[in-house]
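S.K.: With the input below, show me the fold.
(2 chains)
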Number of protein chains: 2
Amino acid sequence: MAGGSGTRFWPKSRVAKPKQFLQLVGKKTMLQQTVARISGMVPPERTLIITNKSYVGLVQEQLPDVPAENIIGEPVGRNTAPVAAAAAAIIEARTPGAAMAVLPSDHYIRDEATFAAILESAFLKAEAGAHLVTIGIRPYRPETGFGYIQTEQESSDILEGNPVHQVKRFAEKPDLKTALSFLESGDFLWNSGMFVWRSDVIMDEFENHLPELHELAVRLKGKLAGGMSVPAVEAFYEAAPSVSVDYGIMEKAATVYVLPGEFGWNDVGSWQAIYELEDKDEQGNVADAENLLMTGCSNSYAYSRSGRLIALVGLEGIGVVETDDALMVCRIEKSQDVREIVARLQKDPFQKYR
Amino acid sequence: MAGGSGTRFWPKSRVAKPKQFLQLVGKKTMLQQTVARISGMVPPERTLIITNKSYVGLVQEQLPDVPAENIIGEPVGRNTAPVAAAAAAIIEARTPGAAMAVLPSDHYIRDEATFAAILESAFLKAEAGAHLVTIGIRPYRPETGFGYIQTEQESSDILEGNPVHQVKRFAEKPDLKTALSFLESGDFLWNSGMFVWRSDVIMDEFENHLPELHELAVRLKGKLAGGMSVPAVEAFYEAAPSVSVDYGIMEKAATVYVLPGEFGWNDVGSWQAIYELEDKDEQGNVADAENLLMTGCSNSYAYSRSGRLIALVGLEGIGVVETDDALMVCRIEKSQDVREIVARLQKDPFQKYR
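M.R.: Residues are numbered from 1 along each chain as shown, chains lettered A, B, ... in the order given. So this is what the prediction gives:
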C-alpha cells in the first residue's frame, strides 16, 4: 500500500513526493525498504504496489525490478479496504487461493530478520485455514495514537517458534488512561496495519461484511482473466466505497489470529520519530546536512540538501529541515504540529510550497 | 567612527558589510541613523566619517549628502585614538578650535530628542573650556560587558537642564559583583564611547599623553592646509600607534566631565539586542521575513530576505536568520556565541561565507 499523501515530513515531503518515496531513515526510500524486507519471501513478479495514479512513475523509478503491470494506480484514494479487495481480485485472477500479505509502505523496521520470521509464520498460519491473520506490535509506551488488538492470553498455536494468538477484539485509539491499562494488562498489541490471509478467504470475508465491495472485486477479477486492465481497475475504484480494512473487515470477522512482533517497528509519524531512529553524536545531535556548523547544541536535528551553510548556536531539542525553497524549524517534540503549517499551504501565495 | 568589522550579526553582517552598514533596527542603517540623529546640530559638510578604506564606497552610497572629502578611509585599523587624532587634525586645519563630537556609528538610540538635548549641552560644556566631555549612560542592569565612569556625586554644572558631573575615574569592565556594587552606588555610568571636546583642547591632550600620535596629527594638519590629502591621511595611519581614546587619553586627562544620559541607548551587541529592540506581537515574536508561517511559537525572532518559505513550529526563544547562502538558528539568549561560528569561517571550505 503506497498511496498515502501525508505531509508530516514537510518540507522534505511534498504532495508530489510523499513519505513512502523519501529516504527518511537509511539510504533506501521507505517503499524500497518495505519491498527489500520481504524480498526473501516474495519475488518482484509477485509484489503488487497499489499507489495513487500520480505516483506510478515514482514507483517504477524506485522499484525497477517490479513488473509494470504489478504497479496499480488508484484514480482516487478509497482507504485500505478497496486496496485489499483490488489486490485480492488480482491475485485470485492469477493464482487463486494464494496467501497474500497487505503491508503499509511507510513504516520502519529495525530488525528485519525477526520481522521476516514472523511474516513467514503468519503466511503459514494464513495458508492453514479460513481465517485472517495480522501482525501486532508489543507495546512499550502508552501510545494514544495507535489502535490496539486484544489477544487471548494463551497462544493457540506456535509456528516456527512464533506464538499465534486468537484476537479477542480490536480497540480504537484509546485515551491515556485506557492506554496505560492496555500496557499494564499485557494482552494488548498495537495494530500495525499488516495483514496476511488467503485471497479466497478474504474474498469470502468481503462477501460477508462488505458485499458491495465484494461484488466490485468479483467483477474486477473477471475482467483481469486475460491480464492487467487499467480501465477495469479504474472502474473498480470509481465505484468502491471508502472504508478501512480494520473497520470494514477485521473488527467483524469471526476468526482473526495475531502474531505478536518485537522487531523495532516504528510508524515514523513525525520528524521526532526520525530524530529518535537516527544515530546520534555524543551531544545527542543528528546531522544530515552537507554544510553544517554547530556550537553548543544538544539533542537537535539538522537536515539539508540546499548547499547553503547552516550554523546552529546553543540549540537544545530543535529540528531544522531545509530544502531549496523552504525552511522548517521546530521544537522536535512539537514536530507533529507541522501539519498546521501544511494546512495553511492550501491557500495562495503558499500553494507552490505544498 | 565607522571602521568596525564586527561579525556578531552573521550571517546578515559579513566582512564586506559589517553592522554599521546594516538596517538592524528600523529602516535606516546604523550609520544613517547616527548621522540623522545629529543632523540638527551638525550639517553634512561638517560631518566626518572615518571608516576602513574598503568601506568608503559603502559610506558614500549610504550618505550621499556628506561631501566625498569628508569620508576618510583608514588603510589600516588603529583603534579609536588615531581616529580622534586624525579628526582633530582635519578640524584644526579647517576651523581651528571648533567643538567636535566623536561618535560610534553602530549604536541605537530610541529617544533621539533627549539625546540631541544632551549632546547640545555637551557641546556647550566643551566649548566653555580646556577640558574633555563625555556622555555616560545611566545603568539599569549590572552589565559586565561595558566600561564604567564614576562621577562626583554633586553635579558641577547644569546646562539647559542637563546636569554635568566631573569624572572621578574610568573603570574597566567589572566582574558581576563589582557591577552590582556600581549599580547600587548610583554614581557610576556606562561608558558609551561618545566624546565631545574642542579640537585644540584634544590636540593638547594628545601632546600630554600620546606625544607620538600628537606629532603625527600635527604633521597631518600641516599637510591638509590646502584641502584633503589621501596620501597624508594614509601616511598618518601607517605610522600611528594602536591605542584607544579611553586608555590613551580619558583615563589620564586631568579634567573630564560627563553628562548622564537616559535616552534608550543600546550598543546592539547581538541578535538578542535586536530581538529586544524590535516591536513584538502578542506572543512576543518578532517577524522580519517576507514569507513566514508560524504555529505555536513565542518569544522568537525571524529574519529573512531569501524569498524562501519559512515555517516555525513550537519554538520558544529561538532566533532564525537566513540569507541567500546561509542560515543561522540560535537560542536567542546564546546569540553572542555566533562568534564561535564566525571564527570557524576563517578556514576553507567556509571562507566564502565570512
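S.K.: which bits of chain A sit near chain B?
M.R.: Within chain A, the positions adjacent to chain B are A:10-11, A:291, A:293, A:295-296, A:308-316, A:318, A:320, A:322, A:324-331, A:333-335, A:337-338, A:340-341, A:344, A:349-350, A:353 by Cβ under 8 Å from any Cβ of the partner chain. Yep, even glycine has a C-beta here, placed from its N, CA and C like the rest.
S.K.: Please produce a ChimeraX select command covering the buried subset of these.
M.R.: In ChimeraX, this line selects whichever of the residues of chain A next to chain B come out buried by 16 or more other Cβ atoms under 10 Å in any protein chain shown:
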select /A:10,11,291,293,295,308,309,310,311,312,313,314,315,318,320,322,326,327,328,329,330,331,334,335,337,338,340,341,350,353
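S.K.: Next, the residue of the stretch 1-150 of chain A found nearest chain B: secondary structure please.
M.R.: The nearest approach of the stretch 1-150 of chain A to chain B comes at A:Pro11, 7.1 Å away (Cβ to the nearest Cβ). For A:Pro11, the assignment made with DSSP: H, G, I helix; E, B strand; the rest coil gives coil.
S.K.: what's the nearest residue to it if we skip its chain neighbours?
M.R.: Once flanking residues are discounted, A:Pro11 sits nearest to A:Ala326: 3.8 Å by Cβ to Cβ, 6 or more residues apart in numbering or on different chains.
S.K.: Over to A:Gly296?
M.R.: Per Cβ to Cβ, 6+ apart, closest to A:Gly296 is A:Gly314, 4.4 Å.
S.K.: ok, now which ones touch the one you found?
M.R.: Shown in contact with A:Gly314 (Cβ atoms under 8 Å, 6 or more residues apart in numbering or on different chains): A:Thr295, A:Gly296, A:Cys297, B:Cys330, B:Arg331, B:Glu333, B:Lys334, B:Ser335, B:Asp337.
S.K.: Which of these fall within strands?
M.R.: Counting by DSSP state E, the part of the contacts of A:Gly314 found in strands is A:Thr295, B:Cys330, B:Arg331.
S.K.: The second one against B:Arg339, yeah?
M.R.: No. With the criterion set as Cβ atoms under 8 Å, B:Cys330 and B:Arg339 do not qualify as a contacting pair; they are 11.3 Å apart.
S.K.: Tell me the one among the ones in strands among the contacts of A:Gly314 nearest to B:Leu176.
M.R.: Within those, the smallest distance to B:Leu176 is 21.1 Å, found for B:Arg331 (Cβ to Cβ).
S.K.: Just grab the bridge partners of the closest one for me.
M.R.: B:Ile318 (DSSP bridges).
S.K.: quick one, what contacts it?
M.R.: A:Val313, A:Gly314, A:Leu315, A:Glu316, B:Gly317, B:Ile318, B:Gly319.
S.K.: Among those, give me the pair with the biggest separation.
M.R.: Checking those with Cβ to Cβ, the most distant pair is A:Glu316 and B:Gly319, at 13.9 Å.
S.K.: how much space between A:Ser270 and chain B?
M.R.: 10 Å (Cβ to the nearest Cβ, to the nearest Å).
S.K.: residues in contact with that residue?
M.R.: Contacts of A:Ser270 by Cβ under 8 Å, 6+ apart are A:Arg8, A:Ser335, A:Gln336, A:Val338.
S.K.: could you redo the last one with a cut-off of 7 Å?
M.R.: Each residue near A:Ser270 by Cβ atoms under 7 Å, 6 or more residues apart in numbering or on different chains is listed here: A:Arg8, A:Ser335, A:Gln336.
S.K.: now these as TSV including distance to A:Pro163 and pLDDT?
M.R.: Below are the contacts of A:Ser270 laid out as TSV (distance: Cβ to Cβ, whole Å; pLDDT from 0 to 100):
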residue	distance to A:Pro163	pLDDT
A:Arg8	34	87
A:Ser335	36	94
A:Gln336	34	91
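S.K.: in chain A, which spans are helices?
M.R.: A:30-37, A:56-62, A:80-94, A:112-127, A:176-185, A:199-209, A:211-223, A:230-239, A:245, A:271-277, A:338-344 (DSSP state H).
S.K.: Any chance of TSV for these, columns mean pLDDT?
M.R.: Converted to TSV, the helices of chain A look like this (pLDDT from 0 to 100):
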stretch	mean pLDDT
helix A:30-37	97
helix A:56-62	97
helix A:80-94	97
helix A:112-127	97
helix A:176-185	96
helix A:199-209	98
helix A:211-223	98
helix A:230-239	96
helix A:245	96
helix A:271-277	94
helix A:338-344	93
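S.K.: on that earlier part again, let me know the closest of the contacts of A:Gly314 to B:Ala128.
M.R.: Using Cβ to Cβ, the contacts of A:Gly314 come closest to B:Ala128 at B:Ser335, 42.9 Å.
S.K.: Confirm for me that that closest one is in contact with B:Gln272.
M.R.: Yes. With contact defined as Cβ atoms under 7 Å, B:Ser335 reaches B:Gln272; the gap is 4.6 Å.
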